[in-house]
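**Student:** Sequence first, then the predicted structure:
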Amino acid sequence: MNSLIRLELVRALRNRKFLFFSVIYPSVLFLLIAGQADSKDIVDGTGLSLPAFMMVSMASFGALTAVLMGNSERIAKERESGWVRQLRLTTLPGRGYVLAKTASAAVVSLPSIVIVFVVAAVFKDVRFDAWQWAALTGAIWAGSLCFAALGVAIGYIASGDAVRPITMITYFGLSILGGLWMPTTTFPQWLQDIAKWLPTHAYAALGQAIELGDAPHAKDVALIVAYFLLFAGGAAYLYRKDTLKA
């Protein structure tokens, strides 16, 4: 499994288009959205300034891009090319394949988180204590595992031709409805009620709680863990199901 993780990392780091959209793009969006705001612009219902709020949102968005977009399309193409069929001839179990894909994607997501933090600190003077920066990095990085598992599952649900539109709908739907592009407090009440149960909303809430100096809320942690188990279990099941078809 370690060899597979190393191979996945090398492939991802060689993909310049993937690195741009997962590492650079979120920082550019942060500057576009928070560029004219200052620390006095408070997001309603959060207690956070707009730059601090959008920093966590865009760091989460960047990690989501890295783990979801990268995994789903790559796996669908590997299935069509026969690479996955070759892996089945080895001793690698289904759970090992899912864990390898999830772990390698999570490693690639780290630069996107760190670069958004650096941009926010340098250009928008966002400041936190050292423990908050460390906790923010750890929480957003660990939370991205949930979406890495979702990417594996989508890669087994969809064919090579259908995987991109399915991934894009999932990607933008979770990002927008979960409040990564704009605060959910701007939504109608009925949509806010739905957003509170989405994994992306809970994901961003982990970092927002840390920014306020608090521990992440138990509900948000529980939602992320529950979604991770659901997505990882589904991915492992789909891997085994695809094996039986071969």
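**Tutor:** In hand now; what should we look at?

**Student:** Next, the buried residues of the strand or helix carrying A106.
**Tutor:** Element membership for A106 (DSSP states H and E) is helix 94-123. Neighbour counts over helix 94-123 (16 or more other Cβ atoms under 10 Å) mark 94, 96-117, 119-120 as buried. For every residue, glycine as well, the C-beta is placed using N, CA and C.

**Student:** Check stretch 212-223 too.
**Tutor:** Buried residues in stretch 212-223, counted by 16+ other Cβ under 10 Å: P216, D220, V221, L223.

**Student:** same question, stretch 165-179
**Tutor:** Using 16+ other Cβ under 10 Å as the test for burial, stretch 165-179 gives I166, T167, T170, Y171, L174, S175, L177, G178, G179.

**Student:** ok, so of the residues you listed, who is nearest V67?
**Tutor:** Nearest to V67 among the buried residues of stretch 165-179 is Y171, at 10.6 Å by Cβ to Cβ.

**Student:** who's in contact with the closest residue to the closest one other than its chain neighbours?
**Tutor:** Distances taken as Cβ to Cβ, 6 or more residues apart in numbering place L68 nearest to Y171, at 5.7 Å, with adjacent residues excluded. Counting by Cβ atoms under 8 Å, 6 or more residues apart in numbering, L68 touches F147, A148, L150, G151, I154, T167, T170, Y171.

**Student:** go again using 6 Å as the cut-off
**Tutor:** The contact partners of L68, by Cβ atoms under 6 Å, 6 or more residues apart in numbering, come to F147, G151, Y171.

**Student:** Not counting residues beside it along the chain, what's closest to the residue nearest the centre of the chain?
**Tutor:** Nearest residue to the geometric centre of the chain (Cα atoms, centre = their mean): L64, 2.1 Å. Nearest non-adjacent residue to L64, counting by Cβ to Cβ, 6+ apart: F147, 5.2 Å away.

**Student:** going on from whichever strand or helix holds that neighbour, what's the next piece of helix or strand?
**Tutor:** Element membership of F147, judged by DSSP H and E, is helix 130-157. Downstream of helix 130-157, the first helix or strand assigned by DSSP H and E is helix 163-177.
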